[in-house]
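Engineer: Next input, structure requested:
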Amino acid sequence: MGEIEMASVTAVCISEKKGTMKQPVDYIDVKLRVGIPGDAHAGDWHRQISLLASESVDKMRAVYPDIPAGAFAENILTEGIELSTLAVGTRLLVGDSMLEVTQIGKECHKDCAIRRKVGDCVMPREGIFAIVLKEGRIKSGDRISIDTSPKAE
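Structural biologist: Numbers count the residues shown, from 1 in each chain. Take a look at the predicted model:
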């Protein structure tokens, strides 16, 4: 699992259109049954919020050093946690909010703006998706931990 006690948010990003790069913002407010109001993926479905590890982006930065946060359409860029190893159902405490992992990886839009610009996309292989269980504000520097308390039935 890695050094989960050192995991943190390195950037938060949004975009109004699917399949496009997201733009970094100072913070995001996450809402139940919505995700991030104003983001293209907002809605009452299983992929409200996307997360990607900085470590995954760093692999691409070896070829394209100036890749900005949000380049792979991630809402939350993380550091210090191997997101792709988490199980569906894992609950993450992020800042003062709680997210639940609903999907690991995804089918790629073959001709998205990201692939056209960068040549590859790590999100389908290493990104994860989550829903909001507890509303809150998330910003760069927030701690990330796995919630191990028993699930309420």
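
Engineer: measure S149 to N75 for me?
Structural biologist: Distance of S149 to N75, given as C-beta to C-beta, to the nearest Å: 24 Å. C-betas here are computed from N, CA, C, even on glycine.

Engineer: Off-centre distance for stretch 62-81?
Structural biologist: Distance of stretch 62-81 from its chain centroid, counting by C-alpha atoms, centre = their mean, to the nearest Å, is 10 Å.

Engineer: The strand or helix carrying V57: what's the following helix or strand?
Structural biologist: Element membership for V57 (DSSP states H and E) is helix 54-61. Sequence-wise, the next helix or strand downstream of helix 54-61 (DSSP H and E) is strand 76-79.

Engineer: From the rest of the structure, what touches that following strand?
Structural biologist: Here strand 76-79 makes contact (C-beta atoms under 8 Å, 6 or more residues apart in numbering) with 7-13, 28, 49-55, 57, 69-70, 94, 138, 144.
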